[in-house]
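Colleague: okay, predicted coordinates and the sequence, questions at the end:
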Amino acid sequence: MPPYDSARRTRIALGILRGLLAFVFLTAGLAKLAGFPPIVTAFEHIGLGQWFRYVTGTIEAGSAVLLLIRRLVGAGALLLVCTMIGAVLAHLTVAPGSFVPATVLLILSASLAFVYRDQTLGFVRAHLAA
């Protein structure tokens, strides 16, 4: 098997993962911003106020868009890693529901952040030097 087949498969797999995560986080973010009652109730349990639901929804939806922009995949994934760490901790302590979905999304987001780490570091360095 020629080496380009492996590279092509990897690109396709990463593209599918990016697309799936973008869909999941865009849907979740928009649901938070729209104020679906179960989500409003879940954020009431957290106890930080509904402003926190808006911030979380904005971060999730915005990060989903970043996952679709090739240059910004790593940055979007890194934002989602931070968000999902918070989600896992919230589900383990005060928020209703299982922590498992947030953990799976954390692992998948961390995988993307790792794969695109060089790109993310280059982007950060370029903007800090400016």
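Modeller: Received it, and whenever you're ready, just let me know what you need. Numbering: from 1, shown residues only.
Colleague: now do the strands in the chain.
Modeller: Counting by DSSP state E, the chain has no strands at all.
Colleague: just name the shakiest helix or strand of it by mean pLDDT.
Modeller: Lowest on mean pLDDT, DSSP states H and E among the helices and strands of the chain sits helix 117-129, with a mean of 77.
Colleague: would you put the C-alpha positions of that one in PDB?
Modeller: The C-alpha trace of helix 117-129 is given here as PDB (Å, rounded to 0.1, in the frame of the first residue of the first chain):
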ATOM      1  CA  ARG A 117      -1.000  21.200  18.200                       C
ATOM      2  CA  ASP A 118       1.800  22.400  15.900                       C
ATOM      3  CA  GLN A 119      -0.700  24.500  13.900                       C
ATOM      4  CA  THR A 120      -2.200  26.000  17.100                       C
ATOM      5  CA  LEU A 121       1.200  26.800  18.600                       C
ATOM      6  CA  GLY A 122       2.200  28.500  15.300                       C
ATOM      7  CA  PHE A 123      -0.900  30.500  15.200                       C
ATOM      8  CA  VAL A 124      -0.500  31.700  18.800                       C
ATOM      9  CA  ARG A 125       3.200  32.500  18.300                       C
ATOM     10  CA  ALA A 126       2.400  34.500  15.100                       C
ATOM     11  CA  HIS A 127      -0.300  36.600  16.900                       C
ATOM     12  CA  LEU A 128       1.700  37.100  20.100                       C
ATOM     13  CA  ALA A 129       4.700  38.400  18.100                       C
END
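Colleague: show me what the helix ranked longest in the chain is packed up against.
Modeller: If you go by DSSP state H, the chain has its longest helix at helix 3-34. Packing partners of helix 3-34 (3 or more Cβ pairs under 8 Å, 6 or more residues apart in numbering; DSSP states H and E): helix 37-46, helix 51-68, helix 73-93, helix 100-115. C-betas here are computed from N, CA, C, even on glycine.
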